[in-house]
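**Q** need coordinates for the following:
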Amino acid sequence: MEDRRLLRRLRRHLDRRSLKRVLLYLPLPLEVDLRPLIHELRKRGVQVYVPFMEGKSFRPVKYRLPLQKKRFGIYEPKNSRQYRPRKIDVAIVPIVGIDPTFRRIGFGQGFYDRFFEKEKRNIETILFVQRRLCYSPVVLTDAHDVRADRVIAGAMIHLLPEDRRG
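**A** Here you go, the predicted model:
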C-alpha cells in the first residue's frame, strides 16, 4: 500500500516531464518496488535502464528479460553488455537516508557514488526514493557522495534549494 502511494506521487512528478530515457533500479525487498513503474514507462515508449554491476561500480543497461539474481541479491538483465545510454533524463535512486546536504546515505559499497561521479554531466535530474524519509540533521556524507535534486519519501517531495545544487 505504501509503495502504491509513493508510486502515484512519483508518476505525477514524472508525468510533468517529457521523458526519453530513465534510469531505475530493480528493488531489494527493503526498497520501494518500482517494477510497476518500469512496465508503465516501457508501454509509453520510454527507454528504461537499470544498473548492471561491473567491479566496484555499475553501468546502465536497457531493462529486458530474463533477469538473473547476482551479487548482493540484486537482479540484472542477462547478457546486457551492448546497451548504454548517452543521456538520462531522470535517475531514480534508492536511499537508506539523507543528511542536510541532500547527499545519499546508502549501503556503504559506493556503487552509486562511483557511477554518478563519472556520469552526472549526462544525467538531467537525480531523484531519491524511500518509503519513509530517514534524515540525519548531522552531516554524515562526503563530498563525493551523490546528491539529489529531489527526494520522494513517505508523503512528501523534498526539493533541494537552488543555491545548494552543484
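**Q** CA only for contacts and neighbour counts going forward, please
**A** OK.
**Q** which elements pack onto the host helix or strand of residue 52?
**A** Here residue 52 sits within strand 47-54, counting by DSSP states H and E. Other helices and strands packing on strand 47-54, by 3 or more Cα pairs under 8 Å, 6 or more residues apart in numbering; DSSP states H and E, are strand 21-23, helix 35-43, strand 57-62, strand 75-77.
**Q** so for residue 68, which of those sits nearest?
**A** Closest of these to residue 68 is strand 75-77, at 5.3 Å (criterion: Cα to Cα).
**Q** which elements pack onto the closest one?
**A** Against strand 75-77 (3+ Cα pairs under 8 Å, 6+ apart) you get strand 47-54, strand 67-69.
**Q** buried ones in the strand holding residue 52, by neighbour count?
**A** 47, 48, 49, 50, 51, 52, 53 (16 or more other Cα atoms under 10 Å).
**Q** the first one and residue 148: what is the separation?
**A** Distance check for residue 47 against residue 148: by Cα to Cα, to the nearest Å, it reads 21 Å.
**Q** and the contacts of stretch 31-47?
**A** 3, 7, 11, 19-22, 24-27, 48, 62, 94, 129-131 (Cα atoms under 8 Å, 6 or more residues apart in numbering).
**Q** which of the residues you listed are buried?
**A** Buried, going by 16+ other Cα under 10 Å: 3, 7, 19, 21-22, 24-26, 48, 62, 94, 129-131, out of the contacts of stretch 31-47.
**Q** one step back: with mean pLDDT as extra columns, can I get the helices and strands packed on strand 47-54 in JSON lines?
**A** JSON lines is the format used below for these (pLDDT from 0 to 100):
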{"stretch": "strand 21-23", "mean pLDDT": "95"}
{"stretch": "helix 35-43", "mean pLDDT": "94"}
{"stretch": "strand 57-62", "mean pLDDT": "84"}
{"stretch": "strand 75-77", "mean pLDDT": "80"}
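**Q** just list the residues touching residue 138, thanks.
**A** If you count contacts by Cα under 8 Å, 6+ apart, then residue 138 has 99, 100 around it.
**Q** element containing it, please.
**A** Using DSSP H and E, no helix or strand contains residue 138.
**Q** roughly how far does the residue sitting furthest away from the middle of the chain sit from residue 9?
**A** Within the chain, the residue lying farthest from the chain centre (Cα atoms, centre = their mean) is residue 138, at 23.2 Å. Residue 138 is 28 Å from residue 9, where distance means Cα to Cα.
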